[in-house]
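Asks: Turn this into a model:
(one chain, ligands or ions: 1)
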Amino acid sequence: MRGILRRTALLTAVVALTAGTATAAERDKSPVKRPKVAVIGTGGTIAGVSESRVDFQDYQSGKIPVSELVGDLEPEVNGIADVSTVQFGNRGSGSYSIADFRELTLAVDNALRTNDAAVVTTGTDTMEEFAYWLDLTVRSDKPVVLTGAMRPWTVLGTDGPANLYNAIQLAASRKTTCFGSVIMLNDEIQAAREVRKTDALRMDTFNSGASGSLGVVDQDRVRINRAPARVEKCGRSSWRTPFDVGRIAEKDLPKVEIAYSYQGAGGEAVKAFADAGADGVVTAGTGAGGVSSSMSAARTDATKQGVVFASTTRTGNGAVYDKESGGAVVGAADLSPQKARILLLLSLAKTDDVPTIRSWFTTLGTAEFTKRG
Ligand code: ASP
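Replies: Numbers count the residues shown, from 1 in each chain. Here you go, the predicted model:
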C-alpha cells in the first residue's frame, strides 16, 4: 500500500515539475535557455591531487579549485547547463565545523536566488552529514545535489569527473525539485536522510539501506523512481523546516555529542559531555536503543542537568521508536546517530522545550507519506 502511495505522490510531483525535460542531446541543439547551475566547492577527494596516476588512496584532498574541476568537463558540460562556480572552501570534509555548515546553508540559498539548482562538492567521509544538514536548513526548494569522489581527480579511473558531470546533469534536470538535498555518486541518487557511507574505500560506498536509492543517472537519462515524503508538501510553506539558520546566530549553535554503547560501557563519556556543557547527547545504543547500566545512570544524571538525549541504534537498521514517557530521552526512529545529532542540534538551537523537540523528531525526523491514492 505504502508503495502505491509513494509512487502516486512521486509521479504527481515529478510529472508536474519536470514536464518537458529534454535529454542532454536535445538541449544542446535547442535555442532554449540552459538551466543555470551553481557548483559550490568545499574540497574533499574529488579536488584531490596524487603524486602518480596510480596513487588511488595516497593523495592530498582539497587542492584543485572547483572552477578547474568544472573547466575539465568542458565542452560537454556546456551542453547541459550554464554552470558557475563558488569556492566555499577547499578542505577535507571532517575539518568543517557546524558554524561552517551554517555559512554553507547561507551560501547555497544565496546561489539558488539566481540559479535553477545547486551542486555542492564535498569530501565523502561526512558527506551524509553535509547533506542532511542542508536538507534540514536550505530554504529554497530548488534542487541541491551533493557529490564527491572516492578517487582523486588525477588518478587513472577516477570517479570524480563522471560524478561531477552527472551531479550537474541531475541538478539541471530539476527532477529533484522539492526533494531537499540528494547525493549523486556512482550513478546513484540517494536521499539525504537515509544515505550512508558504508565502505571506507569502494566507489559504491553510498547506500540507503532498506529505503533504497531514489534513482539513477544512466548516461543522459535521469531516472527517478522514489521520492522523499516531503515532496507531498511541495509549494506549501510547511515544506520548509523551522530551522532557518539565517535567524540562528553562530553563538547560539548548541553543543551536541554522540556516546557509543557496548558491553559494559562506562558512564564516563556521558558524564564528561554533560560536565563540558553539552546541550544534547545522542546515544548509539545496542539493538533498539539499549545502553549499559552505567551509561543509563549517567544519562539520568545528565537529564537532571538539562541535557536532552536522542536515542538511536548502532545496528545500522531498524528504529528506536519514541515513547512520550521517555522524558528528556527522545527516540530518533531510524535516523543514524550522526543524522540524529544534526536534528537534535538544530532543534536545540531553536528551543529547550522537550515536547517540541520530540514533535520535530516524530514529524520532520521521520517523514512519512500521508496522502491516499
Ligand atoms: N578525506 C576525504 C574527505 O572526506 C575523503 C573524501 O573526500 O572522500 O574530505
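
Asks: Run through who's touching stretch 199-212.
Replies: Stretch 199-212 is contacted by residues 57, 124, 127-128, 150-151, 159, 183, 185-186, 188, 190-191, 194-198, 213-214, 226, 316-317 when judged by C-beta atoms under 8 Å, 6 or more residues apart in numbering. All C-beta spots, glycine's among them, are computed from the backbone N, C-alpha and C.

Asks: typo on my end, stretch 45-53
Replies: The contact list for stretch 45-53 (C-beta under 8 Å, 6+ apart) reads 41, 56, 58-66, 69, 90, 121, 123-124, 147-156, 160, 163-164.

Asks: One more pass at 6 Å, please.
Replies: 59-64, 90, 121, 148-149, 152, 154-156, 160 (C-beta atoms under 6 Å, 6 or more residues apart in numbering).

Asks: measure it end to end?
Replies: Stretch 45-53 has its terminal residues 14 Å apart, counting by C-alpha to C-alpha, to the nearest Å.

Asks: Buried subset of the contacts of stretch 199-212, written for ChimeraX?
Replies: Burial among the contacts of stretch 199-212 is assessed by 16 or more other C-beta atoms under 10 Å; the matching ChimeraX selection reads:
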select :124,127,128,150,151,159,183,185,186,188,190,191,194,195,196,197,213,214,226
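
Asks: In strands only, show me the contacts of stretch 199-212.
Replies: 183, 185, 188, 190, 191, 196, 197 (DSSP state E).

Asks: quick one: which of those is nearest the ligand?
Replies: Closest approach between the ones in strands among the contacts of stretch 199-212 and the ligand, by C-beta to the nearest ligand atom: residue 197, at 8.4 Å.

Asks: tell me which residues form a beta bridge with the closest one?
Replies: residue 206 (DSSP bridges).

Asks: hmm, back to that, ok, which of the contacts of stretch 199-212 also contact the ligand?
Replies: Subset of the contacts of stretch 199-212 in contact with the ligand: 124, 150, counting by C-beta under 6 Å from any ligand atom.

Asks: before we move on, back to that, narrow the contacts of stretch 45-53 to just the buried residues.
Replies: 59, 61-64, 90, 121, 148-149, 152, 154-155, 160.

Asks: Those: which two are farthest apart?
Replies: 90 and 155 (18.4 Å; C-beta to C-beta).

Asks: rewinding a little: can you put the ones in strands among the contacts of stretch 199-212 in TSV and add pLDDT?
Replies: Output for the ones in strands among the contacts of stretch 199-212, formatted as TSV (pLDDT from 0 to 100):
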residue	pLDDT
183	98
185	98
188	98
190	98
191	98
196	97
197	98
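
Asks: Out of these, give me the two with the largest separation.
Replies: Of all pairs in the ones in strands among the contacts of stretch 199-212, the most separated under C-beta to C-beta is 191 and 197 at 14.3 Å.
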